[in-house]
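Colleague: everything below, folded, please.
(one chain, ligands or ions: 3)
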Amino acid sequence: MNGNDELLSREPCRYCDKMIPADSAFCPVCKRVNPLGPIRCPICKNIVDEDCRICAHCGTSMEMDCPKCGRTVFYEEYCEYCGAKLRGVKIPEERASVGVCLD
Ligand SMILES: [Zn+2]
Ligand SMILES: [Zn+2]
Ligand SMILES: [Zn+2]
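Modeller: Ligands and ions are numbered 1, 2, ... in the order given. Okay, the predicted model is just below:
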């Protein structure tokens, strides 16, 4: 294994569009987590499309109100408007309790 960084496949970061190593768990440019790959439901980890309003597997709402700017945003790692971290923020009970697939 030659550890030549230039030979690693690169993919664009979802947040800043810079090309970063395809196995990145963090974007080295904008420092955000999960910069590559699909978005997953926070409850059941099912892959959800950015167009989805709810998780097709467990019905969890994939929209939430940003705790910082108050806008309704897609529930991914960060607010698309102000950049506030969303994952790890508690979602309201009536939304979270829909899940039947807690593991
Ligand atoms: Zn980035
Ligand atoms: Zn789900
Ligand atoms: Zn926000």
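
Colleague: alpha carbons only for contacts and neighbour counts from here, please
Modeller: OK.

Colleague: for Phe26, give me its contacts.
Modeller: For Phe26, the contacting residues are Arg32, Val33, Asn34, Pro35, by C-alpha atoms under 8 Å, 6 or more residues apart in numbering.

Colleague: now Asp17
Modeller: Under the criterion of C-alpha under 8 Å, 6+ apart, Asp17 has no neighbours.

Colleague: now the helices: where do they sit in this protein?
Modeller: Here the chain has its helices, by DSSP state H, at 93-96.

Colleague: for it, what lies in contact range of ligand 3?
Modeller: Proximity of the chain to ligand 3 (C-alpha under 5 Å from the ion) is limited to residues Cys66, Lys68, Cys69, Cys79, Cys82.

Colleague: tabulate those residues in TSV, adding columns for distance to Cys27 and pLDDT.
Modeller: Shown next, in TSV, are the residues of the chain next to ligand 3 (distance: C-alpha to C-alpha, whole Å; pLDDT from 0 to 100):
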residue	distance to Cys27	pLDDT
Cys66	22	94
Lys68	22	95
Cys69	24	97
Cys79	16	92
Cys82	18	94
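
Colleague: much appreciated, bye for now.
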